[in-house]
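Trainee: Fold the following.
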Amino acid sequence: MLKTAPRLLRLLSLLQVRRFWEGRVLAERLDVTVRTLRRDVDRLRQLGYPVQSTSGVAGGYQLGVGASLPPLQFDDEEAVAVSIGLRTATRSNVAGVGEAAVRALVKLERTLPRRLQQRVGALRAIVPLERSAVGIDVDLLVGLAMACGERTRLRFRYESPRSGSRERLVEPAGLVDSGYRWYLVAWDVERADWRTFRVDRVRGELVTGEPFAPRPPPENGDLDKYVSRSISTDAYEVKARVVLSVSSSEAARYISPTAGTLEAVDEQRCILTAGARDVESLAMWITHAGIDFQVEEPPELVAKLRELHARLGRALRPRPDVVEAQRPSRTGRARTRASRARSSTDD
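Mentor: Sure, this is the predicted structure:
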């Protein structure tokens, strides 16, 4: 059995990773009796941690919301993962997060045991690329996330390049970070359909409304895939469906989720769905991907690729004036015959 102080830290750690613990199960995890568990819970309360309890056969414990953040315990893999996440967040486009991530990273590295200091220290070689210059207000992001979790309607003004600034009433489902921008996936009440909203285009204050019953989410809950399709395909008038002669995992190395969606066919093929402003741009982008492909639709893309093939063929065909210039003149041919004749006589 652990001594009292290490056991209290272990108890606090378990209360942080699960919303509710049955008393019997929690006592078994700590290898103590139910009576000892009650005493340990009372000690945590004396230290200021709001541990809530329920009685009865299925009674148990849960950590309530406190005035201060309790100490956290990480295993080796968690500590390395947190360090990587904080280093990436130092260049976040969410206003204020970068500076806070630096402070948290310094605190983390000061408390690491020696066995981890070398591993985490090696992460200093990570240099994230600069992200989008469009900043996101952290309070706005938190407000959207809370509305998603609490399932309450939201009203806000949205700045759209097509329809201008308009008030929108939505039922938020979730937030997606593409790496450069944040997107809110929500049911648009007025349009009675799912929509993707760029968070940096949300204007003014968020006005929360009444709770709503959740709807079946798009793409069976795969919001990443829904956002990818929304910004890479649905946003464009020209759309293409192309069979690539590589696996979906191999194609993902060259095609980002913001450029198109990938669907596996088998181990050697996958389907790419993408969009563009015009057929010419789509044709150039697909050919530059460096992957063998076959177009399923649209037929205009096939025609444009044939036109591009013919143009490239003409560009590679030698010009008649160049071919004529490379041919030897009559005088040159005569000299060549004379030279061959002398060589034959010498032999």
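Trainee: Send me stretch 35-49 as PDB with only the CA atoms.
Mentor: Extracted in PDB, the C-alpha atoms of stretch 35-49 (Å, rounded to 0.1, in the frame of the first residue of the first chain):
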ATOM      1  CA  ARG A  35     -12.900   3.500   5.100                       C
ATOM      2  CA  THR A  36      -9.400   4.600   4.200                       C
ATOM      3  CA  LEU A  37     -10.700   6.000   0.900                       C
ATOM      4  CA  ARG A  38     -13.200   8.200   2.800                       C
ATOM      5  CA  ARG A  39     -10.400   9.500   5.100                       C
ATOM      6  CA  ASP A  40      -8.200  10.300   2.000                       C
ATOM      7  CA  VAL A  41     -11.100  12.200   0.400                       C
ATOM      8  CA  ASP A  42     -11.600  14.200   3.600                       C
ATOM      9  CA  ARG A  43      -7.800  15.100   3.500                       C
ATOM     10  CA  LEU A  44      -8.200  16.400   0.000                       C
ATOM     11  CA  ARG A  45     -11.200  18.500   1.000                       C
ATOM     12  CA  GLN A  46      -9.100  20.000   3.900                       C
ATOM     13  CA  LEU A  47      -6.400  20.900   1.300                       C
ATOM     14  CA  GLY A  48      -9.000  22.800  -0.700                       C
ATOM     15  CA  TYR A  49     -10.000  20.300  -3.400                       C
END
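Trainee: list the buried ones in it?
Mentor: 37, 40-41, 43-44, 49 (16 or more other Cβ atoms under 10 Å). For every residue, glycine as well, the C-beta is placed using N, CA and C.
Trainee: With secondary structure, distance to Asp76 and pLDDT as extra columns, can I get the residues you listed in a markdown table?
Mentor: Converted to a markdown table, these look like this (DSSP: H, G, I helix; E, B strand; the rest coil; distance: Cβ to Cβ, whole Å; pLDDT from 0 to 100):
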| residue | secondary structure | distance to Asp76 | pLDDT |
| --- | --- | --- | --- |
| Leu37 | helix | 27 | 92 |
| Asp40 | helix | 26 | 91 |
| Val41 | helix | 28 | 92 |
| Arg43 | helix | 28 | 89 |
| Leu44 | helix | 25 | 86 |
| Tyr49 | coil | 25 | 83 |
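Trainee: just checking, what packs against whichever strand or helix holds Val295?
Mentor: Per DSSP states H and E: Val295 is located in strand 293-297. Contacts defined by 3 or more Cβ pairs under 8 Å, 6 or more residues apart in numbering; DSSP states H and E place strand 293-297 against strand 238-244, helix 299-316.
Trainee: just how off-centre is the shortest one within its chain?
Mentor: Between the mean C-alpha location of strand 238-244 and the chain-wide mean there is a distance of 22 Å, by Cα atoms, centre = their mean, to the nearest Å.
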